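Asker: Here's a sequence, model it:
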Amino acid sequence: MSGPQALLISYCSIGDLSQRLCTAADVKFYFNSFFTAKRASYLKPNKNCNLTSWVPGCEPGWACSAGSDKKINLKDSKDMPARTSDCAPCCEGFFCPHGMTCMIPCPLGAYCPLAKLNKTTGVCDPYHYQLPPGQPNHTCGGADVWADIGSSSEVFCSAGSYCPSTIQKNSCSKGHYCRTGSTAEQSCFQFAKCEPKSENQNISAYGVMLFAGLSVLLVVIYNCSDQVLATRERRQAKSREKAVRSVRETAQAREKWKSARDVAKKHALGLQTQLSRTFSRRKSTKQPDPSRGLFQAKPGSDAALPPFPGKPEQSSSATKGNKKDKNNLTQMMHAIEADPESDEGFNLEIGDKNLKKNMPKGKQLHTHSQIFKYAYNQIEKEKALQEQNKNLTFSGVISMATDVDIRKRPTIEVAFKDLTLTLRGKKKHLLRCVTGKISPGRVSAVMGPSGAGKTTFLSALAGKVTGCTMSGMILINGKVESIHSYKKIIGFVPQDDIVHGNLTVEENLWFSARCRLSADLPKEEKVLVVERVIESLGLQAVRDSLVGTVEKRGISGGQRKRVNVGLEMVMEPSLLILDEPTSGLDSSSSLLLLRALRREALEGVNISMVVHQPSYALFRMFDDLILLAKGGLTVYHGSVKKVEEYFSSLGITVPERVNPPDHYIDILEGIVKLSASSGVNYKQLPVRWMLHNGYAVPHDMLKLVDGMSSTAGEDSAHGGNSGDAGSEQSFAGDLWQDVKFNVERKRDDIQQNFLKTKDLSDRVTPGVLLQYKYSLGRVGKQRLREARIQAVDYLILLLAGVCLGTLAKVSDETFGALGYTYTVIAVSLLCKIAALRSFSLDKLHYWRESSSGISALAYFLSKDTIDHFNTLIKPLVYLSMFYFFNNPRSSFIDNYIVLVCLVYCVTGMAYIFAIYFEPGPAQLWSVLLPVVLTLIATRESTDDSFVDIIGELCYPKWALEAFVIANAKRYGGVWLITRCGSLMKSGYDLNHWSLCLIFLVLMGIACRIIAFICMVILQRK
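Answerer: Take a look at the predicted model:
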């Protein structure tokens, strides 16, 4: 045994070890070298190893003693003691750096045996230092360095083995695996395959099983989502039946009261006649003819109703003694008292197709809904009576038929005087000098050629016009009030059929009724309202059918148009404005729709609509006509019955077999030329109407009366400028006017969205919480019907997890940063694209609902709440593949928490894109932004402070940091220097894991607030 080896054994075992150990100052000096030296194997000169003093202990793997007579304080962090005596190889389990003469214990997970000289290469294995030249007595010592795994991999306990101590190394047994730097072997999962000396366990089998299980679950969801909704519909049908039973009980109580009241209301003559016939006539088996009685039933009265079924018709004469025959109402009352639960006579089913069957024939009972049908059919027959009694309304007809009190709707009369709309910055008239009124209980038709401002006129009455300067006066019920004060009882039917295609007809109507009817209205009454609208619009056959979308066929176009109208009818409006409700409908569908609207008008509803080319039968069903010429000028405003009389007075007669409205519109278009004998030009018709009613005529239009040139008349009639047409602005002036116009229009939009007016509608609709509940149920149904799309999203996430987990294996040097970078990009992109559907496809529906008073906050929160399901499930789906194929050291729970926060954050960003951009640009931003922000977040630090600030604000930086920190926490012992170096290089802090999650959540909340503000501010252009 050589001298150095014998000395090594003596001092490593006897007790000289403390004189050779590094103090705190030595350790500090060694680790500070990582920040100054280019390589960890070279240290700065110190008192023991410098240019003048270089003892053998300064060589790598060797150490020296401070001397037995010198006391060493190992906790001293200021002074390095002198060690230059008794130099010998480093002990096992320690490492002696090159340029230092002390020993540092190897960390856990390291294997530090004595080196052996490789005579072929001249290198001390397993380390990489050589013996100093010219020193034949110098031998290989112990380990010489401990740094990151890239610089000192020979110190780390190799993969496939575990090192319970720094001088002991064991091979992994079968059924276990040992990663690099392990101190103990880890048991493999049950189905994982682990041979002896396994570096890692292969848990791909679990990933395959999960993939198969989730795929089967997605297939089940894909095919059974409709069945779930069908079951839910059956439960809701039972709820509706319960509501109908409640209505039935109410109707029975009303019948009792009606019977008692009917007896009390009999006038004296009827009572005397009844008494006379009771005591003077004998018992008769022959029933008298009711048509010959003194009190013959009048149309619409109680006596005109058919007798109740199930009860034999009895004579009005009395039997012997003092017994009188009971009339139908009395019999009904006693029958109810005898059997209160009997359903006889109270069949409330609605939806008979043949309305003629409901006419009174003495064989069936008119219940609450059947009385409605009967009253509807009697409307046309009561036309003459209606002309005599102007106050007769639909409620009056129902009252005569049923003698049951009906809720009264408040009436709205809209009068307008010299109403003029001028486009801002253009000085172009959209409407000009329009005067008149639309009255409750009447159906007004607005007609005219294209460009006459028909839709603009109705939009102005509804307070929906922006970007224009309005002059004139609009009176509501004779008072100067904002139309927005009555928003809760005003219905506006847009030209486009804005209906939720993935809801059924009844679900669309029921949601509108629940959110817009009075909150204190019982559910039973709301059910009746919806049933009445479904019946009046002829939608019984398709009530449970999906409306349909572009991709999925639903109901027909005519039925969809009627559902569009029904959304406003179920809220029982007092003013109903419709924009071309009959466009695209055939004559029978148009007639059915207009009949339903006439029934609403007889309830006192003020109805006004834009109509194109109505048939003659349809035209005669309107009460009033507003005929506009191009430029928004009134040609006629009055009763439909007097329109031909008025135009005849101007010398304009309708040819035979020509529809009057078509003929008038052709004249206003200039297609039909007026004869010279009439003495009037079609351009003069608006002025003739003003003069006919004594309205003031603008000065520039007086030229038409004097027969000026057609050119001047053309400009005036079509809203041309009265100024100098030859004056032209420069390009810069035009550009400035356009910019100014756009800014003012946007200001008007924002003011209208945040306009707060006093509510005069006398209707308290459900609050935000209740509307949130209704919206939550609606969005939940929509998501269930979109389960197949959701299944495709999950399948894509599964495939992404498999691919990225397989390709991006965990690197111990970077703690899996590459795989997590791919994860951040993939999950951000896929979740953003999917989240765009929440708002991109429903913008028109939101604009319509918000304008009618439905809470924007309830709408937004319901969408976001349902999306929380994806926020929780999608990370689970992705990790079920990625985690088991990638197999990082961090736990599944840590990765799941980070992914949940990441998905929550990117979903909020997707909301902003979906609301602010059109669908195409929104998808482009959703794809590009994750890639660009990830590149910025993972770039190396530069001197550009602005880019650094942007990098700190990028959400991929915080998500990636959370992933890496969760993984790096699992690396301890020998990995400490590697972990610290990697985290410092990336700018990460091991204590910032919770901070990263908080940042992601706060960014998600901030994005949702911004998205909500954009949703409220930004309206349809």
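
Asker: Would you quantify the distance from the closest residue to Gly160 other than its chain neighbours to Cys163?
Answerer: Once flanking residues are discounted, Gly160 sits nearest to Lys197: 3.8 Å by CB to CB, 6 or more residues apart in numbering. The way it works is simple: take the backbone N, C-alpha and C, and place the C-beta from them, glycine included. Using CB to CB, to the nearest Å, Lys197 is found at 14 Å from Cys163.

Asker: Same question for Pro81.
Answerer: Distance, Pro81 to Cys163, by CB to CB: 31 Å.

Asker: okay, the two: which has more neighbours?
Answerer: Cys163 (25 against 21; other CB atoms under 10 Å).

Asker: Secondary structure element holding that one?
Answerer: strand 161-165 (DSSP states H and E).

Asker: Adjacent strands (with direction) for that strand?
Answerer: strand 168-171 (antiparallel) (DSSP bridges).

Asker: and the partner strand, how far out from the chain's middle?
Answerer: What separates the centre of strand 168-171 from the centre of its chain is 59 Å, taken as CA atoms, centre = their mean, to the nearest Å.

Asker: helices and strands around the following helix or strand past that strand, which ones?
Answerer: Past strand 168-171, further along toward the C-terminus, the next helix or strand under DSSP H and E is strand 176-177. Strand 176-177 sits against strand 186-187, with contacts defined as 3 or more CB pairs under 8 Å, 6 or more residues apart in numbering; DSSP states H and E.

Asker: which residues sit against the strand it packs on?
Answerer: 175-179, 201 (CB atoms under 8 Å, 6 or more residues apart in numbering).

Asker: and the two most separated of these?
Answerer: Gly175 and Arg179 (15.5 Å; CB to CB).

Asker: With neighbour numbers in mind, choose between these two.
Answerer: Arg179 (23 against 16).

Asker: Per-residue pLDDT of the more buried one, please?
Answerer: Looking at Arg179, its pLDDT is 88.

Asker: Now do the contacts for it.
Answerer: 159, 186, 199-200, 812, 889.

Asker: 7 Å instead?
Answerer: Each residue near Arg179 by CB atoms under 7 Å, 6 or more residues apart in numbering is listed here: 159, 199-200.

Asker: what sits against the closest residue to Thr180 other than its chain neighbours?
Answerer: Spatial nearest neighbour of Thr180, chain neighbours left out: Ala159 (4.5 Å); criterion: CB to CB, 6+ apart. Going by CB under 7 Å, 6+ apart, Ala159 touches 178-180, 199.

Asker: Wait, a helix at Ala159?
Answerer: No: going by DSSP: H, G, I helix; E, B strand; the rest coil, the assignment for Ala159 is coil, not a helix.

Asker: For the strand holding Cys163, buried residues please.
Answerer: 161-163 (16 or more other CB atoms under 10 Å).

Asker: Now tabulate these in JSON lines and tack on distance to Phe860 and pLDDT.
Answerer: Listed next are these as JSON lines, based on distance: CB to CB, whole Å; pLDDT from 0 to 100:
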{"residue": "Ser161", "distance to Phe860": "58", "pLDDT": "92"}
{"residue": "Tyr162", "distance to Phe860": "55", "pLDDT": "92"}
{"residue": "Cys163", "distance to Phe860": "57", "pLDDT": "93"}
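
Asker: of the residues you listed, closest to Lys863?
Answerer: Tyr162 (52.3 Å).

Asker: That closest one against Gly181, yeah?
Answerer: No: between Tyr162 and Gly181 there is no contact under CB atoms under 7 Å: 9.2 Å.

Asker: Tell me how many other residues crowd the closest residue in space to Met569 that isn't next to it in sequence.
Answerer: Among residues not flanking Met569 along the chain, Val533 sits closest, at 4.8 Å (CB to CB, 6+ apart). Counted by other CB under 10 Å, the residues lying close to Val533 total 25.

Asker: For Val533, give its distance to Glu600.
Answerer: 9 Å.

Asker: intersection of neighbour lists for these two?
Answerer: Shared contacts of Val533 and Glu600 (CB under 7 Å, 6+ apart): Met569.

Asker: all strands of the stretch 1-150 of the chain, in order?
Answerer: Under the criterion DSSP state E, counting those that start in this stretch, the stretch 1-150 of the chain contains strands at 62-65, 85-89, 94-95, 104-105, 116-118, 123-125.

Asker: can I get those in JSON lines with mean neighbour count?
Answerer: Formatted as JSON lines, these follow (neighbours: other CB atoms under 10 Å):
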{"stretch": "strand 62-65", "mean neighbour count": "27"}
{"stretch": "strand 85-89", "mean neighbour count": "21"}
{"stretch": "strand 94-95", "mean neighbour count": "26"}
{"stretch": "strand 104-105", "mean neighbour count": "18"}
{"stretch": "strand 116-118", "mean neighbour count": "13"}
{"stretch": "strand 123-125", "mean neighbour count": "18"}
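
Asker: Make CSV from those and add distance to Glu669 and mean pLDDT to it.
Answerer: Below are the strands of the stretch 1-150 of the chain laid out as CSV (distance: least, CB to CB, whole Å; pLDDT from 0 to 100):
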stretch, distance to Glu669, mean pLDDT
strand 62-65, 107, 90
strand 85-89, 110, 87
strand 94-95, 99, 92
strand 104-105, 99, 91
strand 116-118, 104, 88
strand 123-125, 101, 89
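
Asker: So in the chain, where's the weakest helix or strand by average pLDDT?
Answerer: For the chain, the helix or strand with the lowest mean confidence is helix 710-717, at a mean of 37 (criterion: mean pLDDT, DSSP states H and E).

Asker: What is the distance between stretch 598-617 and the centre of its chain?
Answerer: With CA atoms, centre = their mean, you get 34 Å for stretch 598-617.

Asker: My error: substitute stretch 487-495 in the last question.
Answerer: 22 Å.

Asker: Only the buried residues of that stretch, if you could.
Answerer: Buried positions in stretch 487-495, judged by neighbour count with 16+ other CB under 10 Å: 487-494.

Asker: for stretch 856-865, same thing?
Answerer: So, applying 16+ other CB under 10 Å, buried residues of stretch 856-865: 856, 858-864.

Asker: Looking at those residues, spot the one nearest Leu818.
Answerer: Distances from Leu818 to these, taken by CB to CB, are shortest for Asp864, at 32.9 Å.

Asker: wait, isn't the closest one in contact with Arg1008?
Answerer: Yes: in this structure, Asp864 is within contact of Arg1008 by CB under 7 Å, at 6.4 Å.

Asker: Now do the contacts for Pro660.
Answerer: Contact partners of Pro660, counting by CB under 7 Å, 6+ apart, are 619, 643-644, 654.

Asker: helix, strand or coil for Met418?
Answerer: To be clear, residue 418 is Asp; Met isn't right here. Assigned by three-state DSSP, the conformation of Asp418 is strand.

Asker: just for the stretch 601-750 of the chain, where's the confidence low?
Answerer: 676-678, 704-750 (pLDDT under 70).

Asker: Could you pull out the strands in it for me?
Answerer: With strands called from DSSP E, counting those that start in this stretch, the stretch 601-750 of the chain shows them at 606-610, 624-629, 633-639.

Asker: quick one: which of the ones you listed is nearest Cys831?
Answerer: Taking the strands of the stretch 601-750 of the chain one by one with CB to CB, strand 606-610 is closest: 43.4 Å.

Asker: Excluding its own residues, what touches stretch 17-33? List them.
Answerer: Here stretch 17-33 makes contact (CB under 7 Å, 6+ apart) with 11, 40, 43-44, 46, 63-68, 72-81, 97, 100, 102-104.
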